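A.B. asks: Fold the stuff below for me.
(4 chains)
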2 protein chains.
Amino acid sequence: MAADRLTLGVAARLSRYLQVLTQARKMGKTSISSQAVSEYTGVNPTQIRRDLSGFGKFGKRGVGYDIDSLIEQIRKILRTSGQHNIALFGAGNLGQAIATSGVFADHGFSISAMFDVDPTKVGMRVGDITVRDYSQLSEIVAQDGVMVGVLAVPGDVAQRVADDLVAAGVKIIFNYSDALLSVPSDVTVHTSSPAVELLYALYFYLS
Amino acid sequence: MAADRLTLGVAARLSRYLQVLTQARKMGKTSISSQAVSEYTGVNPTQIRRDLSGFGKFGKRGVGYDIDSLIEQIRKILRTSGQHNIALFGAGNLGQAIATSGVFADHGFSISAMFDVDPTKVGMRVGDITVRDYSQLSEIVAQDGVMVGVLAVPGDVAQRVADDLVAAGVKIIFNYSDALLSVPSDVTVHTSSPAVELLYALYFYLS
DNA sequence: CGTAGTTTGCGACGAACTGTTACAAACTTT
DNA sequence: AAAGTTTGTAACAGTTCGTCGCAAACTACG
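C.D. replies: Modelled structure (predicted):
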């Protein structure tokens, strides 16, 4: 049961719970009910309990779920416990915002390196990361075991960076540019598209 | 049938197609097949054709779909054609990245105004937008018919901005901070959480 | 002109997932 | 001790999705 691959839906919801739990923990809460998680995620409370109870009894009746331990449990279920190294490309406004925000660090991702092609940016410090020259890509990826490449570069160079990442063996690419990336089928591309998510939200507001 | 509300799944997929179509158009393509869209979205080609054919015959057999006209059709289906005004809060790295990126403009969103509380930032020009003082919030929202508020502010002030947006009548909030926002039930909050999306992608890579 | 190849549109069917209702058990609060 | 919460779990109906199959329309090419 736990050895089976999770359904797309279950994995998506568990990730969603993780998001809410992490935010709730940051705000000082230590315990949360399925009802409360439902209000923040829109997922049915019964569905939440069913999702969780399939893997063990994590909650206390009459109380709710302990946030710290539930986060740990979900990470185990998703097999994403521990630290994962990511590499960030582009040291512009967006790259700097990502590097200093802590959104990745909160979920166990460590920004192993940050790259840019602009010589005036190489060597610059962003938070506690130093911007490296793009030519060091494959070296750093191999050395640090980088699993994910995050693209905060202009659209017209995104494909080139993606190609280089694929060549270096990276299997997951997170794309913040507006380019459509072509990669081998064993590589996953996730494109961030806030405007499209807004259109989706807007539809339900308008109808 | 077209008057019925779309299912969550259909609306989500249509938005997703819109994303790929917009990207494809930017790269100079004029036509695309359901097979190609499938490769970029992971959605079954038959499912894509079924989603679209429910609203009309948009494709040409043997050829595929004309990108420009399909984008227009999907926008009509989602009832999100035309321009929508949004307001951006926070003129830091992230706010500046969003204001200059064009991701919203490509999908019919116009950044009507940009706000910050820092007096040294008020009056600054970001792209072709001038940063305004936060106290002008309600005035601008009413004047420009702002429908969406985008929060690119630190987590500890996000709730306060959200409250002010709700008071001004804004019904959709896009949250880039790591705060958990409490809003009335008729207001939609969408929290961007790239790290969680990464965990989700990572799960399927690891298993 | 004709033939081969491509792609949409559409129907049908089974499997999987989701929402809902209901309720006992465990825990807290008063 | 009693009342109120909340989880864990079962059962069932409805919806959605993936898949297979195939005719119709279009292009390309000789």
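A.B. asks: Name the residues of chain A found near DNA strand D, please.
C.D. replies: Neighbours of DNA strand D within chain A, by CB under 7 Å from any atom of the strand: A:33-35, A:45-46, A:49-50, A:52-53, A:57-65. Yep, even glycine has a C-beta here, placed from its N, CA and C like the rest.
A.B. asks: Keep only those of these that are in helices.
C.D. replies: Counting by DSSP state H, the part of the residues of chain A next to DNA strand D found in helices is A:Ser34, A:Gln35, A:Pro45, A:Thr46, A:Arg49, A:Arg50, A:Leu52, A:Ser53.
A.B. asks: OK, contacts around the third one?
C.D. replies: A:Pro45 makes contacts with A:Ser34, A:Gln35, A:Val37, A:Ser38, as judged by CB atoms under 8 Å, 6 or more residues apart in numbering or on different chains.
A.B. asks: For the second one, give its distance to B:Leu180.
C.D. replies: Yep, that's A:Gln35 we're talking about. 15 Å (CB to CB, to the nearest Å).
A.B. asks: between those two, who's got more neighbours?
C.D. replies: Applying other CB atoms under 10 Å in any protein chain shown to A:Gln35 and B:Leu180 shows that B:Leu180 carries more neighbours, namely 23 against 11.
A.B. asks: The more buried one contacts A:Tyr40, doesn't it?
C.D. replies: Yes. Contact status for B:Leu180 versus A:Tyr40: in contact at 6.4 Å, counting by CB atoms under 8 Å.
A.B. asks: and for those two, which residues touch both?
C.D. replies: With CB under 8 Å, 6+ apart, B:Leu180 and A:Tyr40 have common neighbours A:Val20.
A.B. asks: In chain A, spot the helix with the most residues.
C.D. replies: From DSSP H, the single longest helix across chain A is helix A:8-26.
A.B. asks: Any buried residues in it, and which?
C.D. replies: Neighbour-count burial for helix A:8-26, counted by 16 or more other CB atoms under 10 Å in any protein chain shown, picks out A:10-11, A:13-25.
A.B. asks: Out of those residues, which are close to DNA strand C?
C.D. replies: Counting by CB under 7 Å from any atom of the strand, A:Val10, A:Arg13 from the buried residues of helix A:8-26 sit close to DNA strand C.
A.B. asks: What parts of chain A come near DNA strand C?
C.D. replies: A:7, A:9-10, A:13, A:43-44, A:46-47, A:50, A:60-63.
A.B. asks: right, and the pair among the residues you listed with maximum separation?
C.D. replies: Using CB to CB, the residues of chain A next to DNA strand C reach their maximum pairwise distance at A:Thr7 and A:Gly62, which is 30.0 Å.
A.B. asks: centroid residue for chain A?
C.D. replies: Chain A has A:Phe104 as the residue nearest its centroid, 6.5 Å off, counting by CA atoms, centre = their mean.
A.B. asks: Kindly provide the distance from that one to DNA strand C.
C.D. replies: 27 Å (CB to the nearest atom of the strand, to the nearest Å).
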